[in-house]
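>>> predicted model and sequence below, questions to follow.
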Amino acid sequence: MNKPTNIEPPKSGDAKPRRTSLLERASGAFGLDRLAPAAVPDKLEDEKAKKFAPKRKSEPSTPPEMPRRRASDRFAQPQPAGAATPVPPVLPAAPSEPDKPVVTLTGPKQHVVRSLLREQGLIDPDGGASMLLEEFRIVKRQVLATAKAKPGPQARRVLVCSPHSNEGKTFCALNLAIALAGERDMEVVLVDADFGKPSIMAKLGLEHGKGFMDVLADPTAKVEDVVVGTDIPGLWVLPAGQRTGRDSEYLASERTWKVLDNLTLGARNRIIVFDSPPALAATPAADLAKHAGQALLVARADMSGRAALEDAVDLLSACPDIKLLLNDATFSPSGRKFGSYYGYGE
């Protein structure tokens with residue numbers, strides 16, 4: 001219990017006392033002055049001032065702009081004072097395609113027997129419109145569209161292949177080449193790359209001679225000297241040549257790149273069509289796929305199996321664009337019959 005304290009009232013005539021706060025009156029009545037906070041000096045010493053200084057908020061600062069460095073600066077070595085500053089090496093620019101063809105196809109032209117084409121069910125270039133021609137016009141539009149969308153010499157090389165023999169790869173290669181040759185200002189070189197069983201020259205009724213494999217085996221040979229011209233406007237043929245037993249090794253050499261580049265570089269209106277051996281029967285098909293920008297994998301209706309097609313696609317995977325071409329189909333879900341519209345129905 002607190003001890004009472006006498007509080008004397010102010011005498012008359014005295015000045016009106018200043019009104020104090022409740023805390024101040026309590027401090028005077030109960031002696032709370034000893035609880036006042038200790039006096040703080042006006043200025044602290046250096047170490048104490050750092051210790052008790054309030055923390056400042058960090059403000060985001062913009063780093064100074066660093067000079068851009070080139071890729072060659074990473075390999076630059078420090079040079080002693082007074083030494084000459086080395087000049088960075090200039091990398092060679094990527095080779096661009098020339099404006100003119102590297103190889104010009106000239107020379108005598110042999111006669112293609114039209115009756116022989118009709119006997120084999122091939123397109124007759126002088127026969128006008130037909131169902132077969134219209135079908136391969138669709139195929140060639142796809143080929144030309146791909147060659148245009150992917151500029152470069154490799155996109156103008158088309159490989160025609162099939163998983164097995166007797167599925168119609170040579171039939172499709174010949175018809176595609178004849179259909180492409182019908183384009184205005186177009187050159188088509190049909191290459192007989194089935195070195196085991198060459199048949200292009202015989203189907204066109206042309207004379208055999210030196211060909212593709214002879215040029216690959218002889219570094220001094222020129223490919224333009226063995227390309228055979230035909231009387232079908234725009235169609236040229238490169239025979240298979242003499243078989244050597246090392247077909248795959250020659251196709252995998254740098255000589256093949258050089259020969260094919262000579263045929264296609266600068267010749268933007270020239271398409272190369274390869275008739276290759278079956279993909280699952282011989283290795284040249286997979287070797288040629290590395291040089292082609294497009295591949296047409298021929299599947300014969302009611303004959304080519306799905307597993308064989310998948311294996312063939314794996315072997316031709318070096319080619320960036322592989323399309324499936326259905327051959328010998330007798331049924332069309334849309335009821336399409338091109339030839340009858342023009343009056344040349346078959």
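That came through fine.

>>> count of residues packed around Asp321?
Taking other Cβ atoms under 10 Å as the criterion, the count of residues near Asp321 is 17. Where C-beta positions appear, they are placed from N, C-alpha and C, glycine not excepted.

>>> my bad, should have said Asn269
13.

>>> go on, Leu315?
Neighbour count of Leu315, defined by other Cβ under 10 Å: 16.

>>> ok, it - contacts?
The contact partners of Leu315, by Cβ atoms under 8 Å, 6 or more residues apart in numbering, come to Ala279, Leu280, Ala285, Ala286, Ala289.

>>> quick check: what element follows the helix or strand hosting the fourth one along the chain?
With elements taken from DSSP states H and E, the one containing Ala286 is helix 284-289. If you walk from helix 284-289 toward the C-terminus, the next helix or strand you reach (DSSP H and E) is strand 294-300.

>>> start and end of stretch 141-157, how far apart?
Stretch 141-157 has an end-to-end distance of 15 Å (Cα to Cα, to the nearest Å).

>>> also stretch 263-274?
First residue to last in stretch 263-274 (Cα to Cα) measures 13 Å.

>>> which residues sit against it?
With contacts defined as Cβ under 8 Å, 6+ apart, stretch 263-274 is touched by 97-103, 143-144, 147, 153-154, 156-160, 173, 176-177, 180, 185-191, 193, 223, 260, 288, 292.

>>> in that stretch, which residues are buried?
Using 16 or more other Cβ atoms under 10 Å as the test for burial, stretch 263-274 gives Leu263, Thr264, Leu265, Gly266, Ala267, Arg270, Ile271, Ile272, Val273, Phe274.

>>> state the mean pLDDT of the helix or strand where the first one lies.
Meaning Leu263. Secondary structure from DSSP H and E places Leu263 in helix 254-264. The average pLDDT for helix 254-264 rounds to 94.

>>> moving C-terminal of it, what's the next helix or strand?
Per DSSP H and E, helix 254-264 leads on to strand 270-275 as the next helix or strand towards the C-terminus.

>>> just the buried ones among the contacts of stretch 263-274, please.
With burial judged by 16+ other Cβ under 10 Å, the buried subset of these is 101, 103, 143, 147, 153-154, 156-160, 173, 176-177, 180, 186-191, 193, 223, 260, 288, 292.

>>> now, those that are in strands?
If you go by DSSP state E, the buried ones among the contacts of stretch 263-274 have Arg157, Val158, Leu159, Val160, Glu187, Val188, Val189, Leu190, Val191 in strands.

>>> as CSV, those with distance to Asn166 would be great.
Listed next are these as CSV, based on distance: Cβ to Cβ, whole Å:
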residue, distance to Asn166
Arg157, 25
Val158, 21
Leu159, 19
Val160, 15
Glu187, 30
Val188, 25
Val189, 25
Leu190, 20
Val191, 21
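
>>> now do the contacts for the spatially closest residue to Val259 that is not a sequence neighbour.
Excluding the flanking residues, the one nearest Val259 by Cβ to Cβ, 6 or more residues apart in numbering is Val223, at 5.1 Å. Applying Cβ under 8 Å, 6+ apart, we find Val223 in contact with Val103, Phe212, Val215, Leu238, Val259, Asn262, Leu263.

>>> do the same with Val227
By Cβ under 8 Å, 6+ apart, the contact list for Val227 reads Leu105, Gly107, Val189, Trp236, Val237, Leu238.

>>> burial count for Lys323?
Around Lys323 there are 13 other residues, counting by other Cβ under 10 Å.

>>> equivalent analysis for Gly209, please.
Counted with other Cβ under 10 Å, the neighbours of Gly209 add up to 12.

>>> where are the low-confidence patches of the stretch 51-200 of the chain?
Applying pLDDT under 70 to the stretch 51-200 of the chain flags residues 51-95.

>>> I meant to write the stretch 201-346 of the chain there.
Along the stretch 201-346 of the chain, segments meeting pLDDT under 70 span 331-346.

>>> which residues in the stretch 101-250 of the chain form helices?
114-119, 131-149, 169-181, 200-204, 212-217, 247-251 (DSSP state H, counting those that start in this stretch).

>>> closest one to Thr230 among the ones you listed?
helix 200-204 (7.0 Å; Cβ to Cβ).

>>> elements contacting that closest one?
Contact analysis of helix 200-204 by 3 or more Cβ pairs under 8 Å, 6 or more residues apart in numbering; DSSP states H and E lists helix 114-119, helix 169-181, strand 187-192, strand 235-238 as its packing neighbours.

>>> buried ones in the first one?
This means helix 114-119. Neighbour-count burial for helix 114-119 [16+ other Cβ under 10 Å]: Arg114, Leu117.

>>> pull the CA atoms of it into CSV?
C-alpha atoms of helix 114-119 as CSV (Å, rounded to 0.1, in the frame of the first residue of the first chain):
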residue,chain,number,x,y,z
ARG,A,114,8.1,-43.7,-128.9
SER,A,115,6.5,-47.0,-129.7
LEU,A,116,8.8,-48.6,-127.1
LEU,A,117,7.5,-46.2,-124.5
ARG,A,118,3.9,-47.0,-125.3
GLU,A,119,4.5,-50.8,-125.2
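
>>> residues in contact with that helix?
Contacts for helix 114-119 (Cβ under 8 Å, 6+ apart): Ile123, Asp124, Pro125, Asp126, Gly127, Lys203, Leu204, Gly205.
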